[in-house]
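Undergrad: Generate a structure from the sequence data that follows.
(3 chains)
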Amino acid sequence: MPELPEVEIAARNLRAWALGRRIDLAEAEEQAKRIFRPGRPGTFAAALAGRRVTEVRRVGKQILVRLEDPSGGARPLGLISHLGMTGKWLRRDGGEDAPSHSRARLHLDDGVTLHYRDPRLFGRLRTVPGARFEDVPEVAALGPDPLDKGIDPARLATAFARRKTAVKVAMLDQALLPGVGNILASEGLFRARLDPRRSASALSRVEVKRLAEAVLASVKETIAREEGPEVAYVEEPGTENPFLVYGREGEECPRCRRETIRRIVQGQRSTFFCPRCQE
DNA sequence: ACCCGTGTTCGCTG
DNA sequence: TCAGCGAACACGGG
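TA: Numbers count the residues shown, from 1 in each chain, chains lettered A, B, ... in the order given. You can find the predicted model right below:
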């Protein structure tokens, strides 16, 4: 589930599992129509069959997959996967049970099946004719990817100057910080010691620069932790909360140890912060 | 039963 | 044009 680090791990997994493999057969659940919009599940599945995976990339929270023409022709197909809130790609060997809420399946030529699992159906799977990803509005609208290109503090400051809204809310704009979501926003603000309630336009250039560095540090740390011994998703049940403030309402602040982490609601989403450290 | 949720889009207002 | 805001989508877990 997806913010930049989770999506990056999902893309790395897909690369390891599918790069160079042919999709012998694809299936898509007819009941899960909204995932496959625009278009229909059946059309989606038919378009993938027989194609070989030649590239897997990530931009922001979007995973971009390139599929070559089945007959060696010059007509590639793009596949875009957005994981929504609960989307996940899972690998199953032949014989293993399918996961629940499997909405689409890619049967590869080595006997492996990749399942797209998504209980809440907020994710998207779409095909892109000619693999022309730059023509897709959701991709074209994204700014430079933080992990790929870094975060340009001057560009961020210019954009923030126009935004009266709380900085925490402004950070979720995918045109500004692609891949940043609700967790990274709280984590980045905590590391940068900035109050999430301040207007984005009120931040100084120095503060914006601090924030850019803090977000990037959070991204890299989360990826490094998730990659660990075996590439895994952080939020598996039973695993400990790996974040500094996210999901830690009422706990002692890990920096000052003199205040408790607060939870407030901004733009219909929870924000976690330390009222003593962040100003 | 009730509340919560790592996301996006749509429609409305100013 | 655009910034801002609330509703909607859908389902499982605590």
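Undergrad: Check what pLDDT A:Glu230 gets.
TA: Looking at A:Glu230, its pLDDT reads 43.
Undergrad: Could you pull up the residues touching A:Gln268?
TA: For A:Gln268, the contact set (Cβ atoms under 8 Å, 6 or more residues apart in numbering) is empty. (Each C-beta comes from the backbone N, C-alpha and C, glycine too.)
Undergrad: Tell me the secondary structure at the residue of the stretch 151-279 of chain A found nearest DNA strand C.
TA: Closest residue of the stretch 151-279 of chain A to DNA strand C, Cβ to the nearest atom of the strand: A:Lys164 (3.2 Å). Assigned with DSSP: H, G, I helix; E, B strand; the rest coil, A:Lys164 falls in the coil class.
Undergrad: Confirm for me that it is in contact with A:Arg198.
TA: No: the criterion here is Cβ atoms under 8 Å, and A:Lys164 misses it with A:Arg198 at 10.8 Å.
Undergrad: more crowded one of those two?
TA: A:Arg198 (16 against 9; other Cβ atoms under 10 Å).
Undergrad: what's the burial count for the spatially closest residue to the more buried one that is not a sequence neighbour?
TA: In space, and not counting its chain neighbours, A:Arg198 is closest to A:Val167: 5.4 Å by Cβ to Cβ, 6 or more residues apart in numbering. Other residues lying near A:Val167 total 26 when counted by other Cβ under 10 Å.
Undergrad: Can you pull the phi and psi angles for A:Val167?
TA: When read as degrees, to the nearest 10, the backbone of A:Val167 gives phi -60, psi -40.
Undergrad: residues near the nearest residue to A:Glu30 once chain neighbours are set aside, how many?
TA: Once flanking residues are discounted, A:Glu30 sits nearest to A:Pro41: 5.2 Å by Cβ to Cβ, 6+ apart. Using other Cβ under 10 Å, A:Pro41 has 21 neighbouring residues.
Undergrad: what about the residue of the stretch 151-279 of chain A closest to DNA strand C, distance to A:Ser100?
TA: 44 Å (Cβ to Cβ, to the nearest Å).
Undergrad: A:Arg155 too?
TA: 43 Å.
Undergrad: Between the two, tell me which one has more neighbours.
TA: Remark: of A:Arg155 and A:Ser100, A:Arg155 carries more neighbours, 14 against 8, as counted by other Cβ under 10 Å.
Undergrad: In a helix, that one, correct?
TA: Yes: the assignment for A:Arg155 is a helix, going by three-state DSSP.
Undergrad: For it, which residues are in contact?
TA: Per Cβ under 8 Å, 6+ apart, neighbours of A:Arg155: A:Gly143.
Undergrad: got a list of what the residue nearest to A:Arg198 touches?
TA: So A:Val167 contacts A:Phe160, A:Leu189, A:Leu194, A:Pro196, A:Arg198, A:Ser199, A:Ala200, A:Leu203, A:Leu211 (Cβ under 8 Å, 6+ apart).
Undergrad: A:Leu189 now?
TA: A:Val167, A:Lys168, A:Met171, A:Asp195, A:Pro196, A:Leu211, A:Ala214, A:Phe273, A:Gln278.
Undergrad: same deal with A:Val128?
TA: A:Leu77, A:Gly78, A:Leu79, A:Ile80, A:Asp135, A:Val136.
Undergrad: Please repeat the previous calculation with a cut-off of 7 Å.
TA: A:Val128 is in contact with A:Gly78, A:Ile80, A:Val136, counting by Cβ atoms under 7 Å, 6 or more residues apart in numbering.
Undergrad: For it, give me the pLDDT.
TA: 96.
Undergrad: and it, what are its bridge partners?
TA: A:Gly78 (DSSP bridges).
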